[in-house]
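> Coordinates for the following, if possible.
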Amino acid sequence: MVVRDILNMKGGAIFSLPPDATVAAAVGLMVKNDIGSLVVRDGVRMTGMLTFREVLKALDAQGGNLADMRLHDVMVKDPLCGAPTDTLDQVREVMTKSHVRYLPVVEGQQLLGVISFHDIAKAVIKETSFENRLLKRYIENRPDADEASN
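Here you go, the predicted model:
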């Protein structure tokens, strides 16, 4: 399974705001849509990523006040990105080593979506379940099983 498969399972929703949007607006969008990250875009160009990690850092730095903070002040500029052809093992290793929970997926200059560590875990479980079913079927129907019982 590759990253493109995960994006296809998720659908095409990409939540984003412009760099001059307020952090409070971003938090509202993230809470409303039950998401942990959003893309910061200037038009169609991705300029950064915002996750709850950056929001919490900003809250801590500002003593709990996000009043006039803008996304360009707290976002991750030039975030680590994945490719649609990356395998689950590749992105899992990159995300684990880099301590990122959300990974934008780009092809050339086009943003295709964002995957989370949770998305990867679900895909691994799905893939493992499928492999287990195949193995069980093989064991139950293996050709030498009939010969051994005779």
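> Where is the longest helix in this structure?
helix 117-140 (DSSP state H).
> And V74, how far from E93?
From V74 across to E93, the span is 27 Å (C-beta to C-beta, to the nearest Å). In short, each C-beta sits where N, CA and C put it, glycine included.
> For the two, indicate the residue with more neighbours.
More crowded of V74 and E93, by other C-beta atoms under 10 Å: V74, with 22 against 12.
> For that one, which non-adjacent residue is spatially closest?
A58 (4.4 Å; C-beta to C-beta, 6 or more residues apart in numbering).
> Which pLDDT value belongs to that neighbour?
Predicted confidence (pLDDT) at A58: the value is 93.
> And the contacts of the host helix or strand of it?
Assigned by DSSP states H and E, A58 falls within helix 52-61. Helix 52-61 is contacted by residues 23, 26-27, 30, 36-37, 65-66, 69, 73-76, 101 when judged by C-beta atoms under 8 Å, 6 or more residues apart in numbering.
> burial count for the residue nearest to V74?
Around A58 there are 20 residues (other C-beta under 10 Å).
> about what we covered before: tell me which residues in the helix holding A58 are buried?
Residues 52-55, 58-59 are the ones in helix 52-61 that count as buried (16 or more other C-beta atoms under 10 Å).
> Turn those into TSV, columns for distance to L111.
TSV is the format used below for the buried residues of helix 52-61 (distance: C-beta to C-beta, whole Å):
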residue	distance to L111
F52	20
R53	20
E54	18
V55	21
A58	23
L59	27
